[in-house]
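>>> below are the sequence and a predicted model for it; my questions follow.
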Amino acid sequence: MRARTLPVATAAALALAVTGLGAPSAGAAPSGLADDFNGDGYRDLAIGTPKASGGTVTVLFGSASGVSRTRFVNVTQNTPGVPGTAESVDKFGENITSGDVDHDGYADLIVGAPGEEVTGKPRGSVTIVWGGAKPFTSGGIALTAPSAEAAGFGEGAAFADLDGDGTAQLAVVGVDTFWWYGDGGPTQDGAIAPEVDFLPDGVRLDGIVAGHFSSKDGGNGFEYVLHGSRTEPDGTPAPGYIGVLRGGPGDIGSGHTVLSDDGTTGSAAWWSSAVATGDIDGDGYEDLVVADSAGGKGGAFTVRYGSASGLPLKGRTYQQDSPGVPGTDEAYDAFGSALALGDVTGDGRADLAIGAPGEGVDGKRTVGDVVLLKGGSGGLTTTGAQSFHQATAGVPGAAEAGDHFGSSLRLRDINGNGKADLAIGAYGEDVVPNGYDDGAGWVLRGSASGLTTTSATSFNATDFGYPVVAGRKFASVFAR
């Protein structure tokens, strides 16, 4: 569909963004938030577009009024100071995370490029671009595959305190390898392999997320969830792989649990790469949500609740025909293709956004839809459930076939009011006549009653100075 297109941002506006408009006042300490790149106290929104021009990342800076088309920085491998050269196969921005890697109080941008070609090594890299009062102007570092087995290095990354010593470490996965870097900071020669080779044969990893799911080892250290697909030795598909790697003191890899497919599909499940963590029931333990976008007729997701003893092997599964869930369970809806957890209402419990980019609306196919289910003391509830698409009053744009609204999601408080705001991507959005998969993004604000379309914002690549390119699929990735 065509979204309303605003004039391309001017070079002056870009200069303002690069100089850190909204950075802390002189003498003020940076906020220390894991996604506040300029230290002004507001979380920022990083948008990945790995399909075009080797991959791009656009960072929109948060503020009391939310994000704006005039406060941004574009980061590519052609940006001065950023290592590497943009090439068509790199997939720079395939995954994005952030954290204060260099311990200066500012969040740093961590970007995976699993297709990066590296002479004499397997494909893949992770680039760290330094934040600061003038973010992304002081260069960065690139990490490449630590071994000949580390193909697809940068397929996923997370930045959390793995060993429980109070300092976060970077963890990176490849197609079938896991690596982490010690407290001294990531260096090319500093990658550490687990003491125990815990990954089963036939696993192809899609990514990694971190969370506090238990009080094992005294609650020290995060636990990592590694997720991906799996095949049997004869090449036939097997239930998707979801593994939990326990952190804390001791040998990394020795505390490893495989969470089984709960059998909702009745056959081998191809779990999607949509995985989210957050404390849904407010008990102090994070919970894990994993989607199977082929489950049921049109997709499903399973919630496993954290506890003192950790995540259970089985969980509760929801589909669009579950009582209280908006919509109808139909083939090809892809319900669960994207997931995000965050506290939309400000009640201290995480709410769950679920994307269904294949959902039909008003007789049109693959328009896309997003559902919000709220957290509560008893866990996820369908009471007060909400549903949004481009035919919803107040959502910019028009519902048209092929938009795939809800193909990417992120929930974070970007205006500092204590309520998470929802970023939504639609990789199939056409922004010019006869366009094809240009892509666009939206932000809906959180409120005490849930998401609201009041002051809803939309944007596309042309708003940030990029030319229209068929198949760009802008905003197909948001930072975790």
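Thanks, I have the structure now. These numbers were taken from a predicted model, which means no experiment stands behind them.
>>> for G358, which non-adjacent residue is spatially closest?
Leaving aside its chain neighbours, G358 sits nearest to A334 (3.8 Å; criterion: C-beta to C-beta, 6 or more residues apart in numbering). In short, each C-beta sits where N, CA and C put it, glycine included.
>>> any idea how far T97 is from R316?
Counting by C-beta to C-beta, to the nearest Å, the separation of T97 from R316 is 28 Å.
>>> out of the two, which sits in the more crowded spot?
T97 (27 against 14; other C-beta atoms under 10 Å).
>>> in whichever strand or helix holds the more buried one, which residues are buried?
Using DSSP states H and E, T97 falls within strand 95-99. Neighbour counts over strand 95-99 (16 or more other C-beta atoms under 10 Å) mark 95-99 as buried.
>>> so which of the residues you listed comes closest to A113?
Nearest to A113, judged by C-beta to C-beta, of those is N95 at 9.2 Å.
>>> excluding covalently adjacent residues, which one is nearest to the closest one?
G112 is the one closest to N95 (C-beta to C-beta, 6+ apart), at 4.2 Å.
>>> now T231
According to C-beta to C-beta, 6+ apart, the nearest residue to T231 is G202 (4.6 Å).
>>> number of nearby residues for that neighbour?
For G202, using other C-beta under 10 Å, the count is 17.
>>> offset the numbering so it begins at 240, please.
With 240 as the first residue, the last one maps to G441.
>>> residues contacting it?
469-472, 477 (C-beta atoms under 8 Å, 6 or more residues apart in numbering).
>>> and for R543?
Neighbours of R543 in contact, by C-beta under 8 Å, 6+ apart: 498, 526-529, 550-551, 553-554.
>>> now, the residues you listed that are in strands?
If you go by DSSP state E, those have 498, 526-529 in strands.
>>> if we can go back for a sec, mind checking pLDDT for the residue nearest to T470?
According to the prediction, G441 has pLDDT 87.
>>> same thing with I481?
For I481, the model assigns a pLDDT of 89.
>>> returning to that earlier point: of the ones in strands among the contacts of R543, which is the most crowded?
Within these, most neighbours by other C-beta under 10 Å means V529, with 29 neighbours.
>>> show me what it is bridged to.
Judged by DSSP bridges, the bridge partners of V529 are V514, T541.
>>> surely it and T541 touch.
Yes. V529 is within contact range of T541, at 5.5 Å (criterion: C-beta atoms under 8 Å).
>>> what residues are shared contacts of those two?
Residues touching both V529 and T541 (C-beta under 8 Å, 6+ apart): G554.
>>> name the residues that touch the strand holding T336?
For strand 334-338, the external contacting residues (C-beta under 8 Å, 6+ apart) are 273-274, 276, 285, 287, 296, 346-351, 370, 393-399, 407, 409, 446, 716-719.
>>> please flag which of these sit within helices.
Using DSSP state H, no member of the contacts of strand 334-338 sits in helices.
>>> thinking again about what came up before, possible to save the contacts of R543 as JSON lines with pLDDT and distance to Y705?
Listed next are the contacts of R543 as JSON lines, based on pLDDT from 0 to 100; distance: C-beta to C-beta, whole Å:
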{"residue": "L498", "pLDDT": "81", "distance to Y705": "40"}
{"residue": "D526", "pLDDT": "98", "distance to Y705": "37"}
{"residue": "L527", "pLDDT": "97", "distance to Y705": "35"}
{"residue": "V528", "pLDDT": "96", "distance to Y705": "32"}
{"residue": "V529", "pLDDT": "94", "distance to Y705": "33"}
{"residue": "L550", "pLDDT": "92", "distance to Y705": "41"}
{"residue": "P551", "pLDDT": "92", "distance to Y705": "45"}
{"residue": "K553", "pLDDT": "89", "distance to Y705": "45"}
{"residue": "G554", "pLDDT": "93", "distance to Y705": "40"}
